[in-house]
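Q: just coords:
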């Protein structure tokens, strides 16, 4: 079984339509903090894996800003060192009977089933997630730009050439980031 470490989460900050910084959240947050001291803006931060806008609390010193970005460790149920999280699953009695009769029991069998499903649909899931991320980004940054509706159709049709053509009049950094989200991260 192959164990690939997932890349560290990346973020990208835009000052208006200009890409200000990309990288770890700490790097991006500090770039915005420094740029905002010059009275510039507005700033938007995007999670590179989802295209969602990320809100940052930039109050205080740089050390205070970075300390707020570090998630608190949870001491909840499960096996936190292994990343195991306890959740409720609702199944019919015959499903529980079958799961409990499997070697290793219900938990082991469910983990195996999820792993197999993730592997068999990984490419399709990755492509869908990349397109969804790109759409979230273009909706936030280019929703009022010419060609937005048509470019969205091209994006979901997987037509990279048409997507690029329709974004031709958009700011270069917005175009580049949208393409990166839509097509470069799906691989």
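A: Right, received. Where do you want to start? All figures in this text were calculated on a predicted structure; none of them were measured in a lab.

Q: contacts, neighbours, all on C-alpha from now
A: OK.

Q: longest helix anywhere in this protein?
A: In the chain, assigned by DSSP state H, the helix with the most residues is helix 122-142.

Q: wait, a strand at residue 21?
A: Yes. Applying DSSP: H, G, I helix; E, B strand; the rest coil, one finds residue 21 inside a strand.

Q: ok, it - contacts?
A: Going by CA atoms under 8 Å, 6 or more residues apart in numbering, residue 21 touches 12, 13, 14, 27, 28, 31.

Q: which one of these sits in the busiest neighbourhood?
A: Among those, residue 13 has the most neighbours (other CA atoms under 10 Å), with 26 neighbours.

Q: per-domain residue ranges of this structure.
A: 11-69, 80-120, 122-184 (automatic domain parsing).

Q: and these, which one averages the lowest pLDDT?
A: Mean pLDDT is lowest for domain 80-120 among the domains of the chain, at a mean of 80.

Q: related to what we said a few turns ago, out of the contacts of residue 21, who's nearest residue 119?
A: Closest approach to residue 119 among these (CA to CA): residue 12, at 28.5 Å.

Q: for that closest one, helix, strand, or coil?
A: Per three-state DSSP, the secondary structure class of residue 12 is strand.

Q: list the contacts for the spatially closest residue to it that is not a sequence neighbour?
A: Excluding the flanking residues, the one nearest residue 12 by CA to CA, 6 or more residues apart in numbering is residue 22, at 4.2 Å. Residue 22 makes contact with 10, 11, 12, 13, 28, according to CA under 8 Å, 6+ apart.
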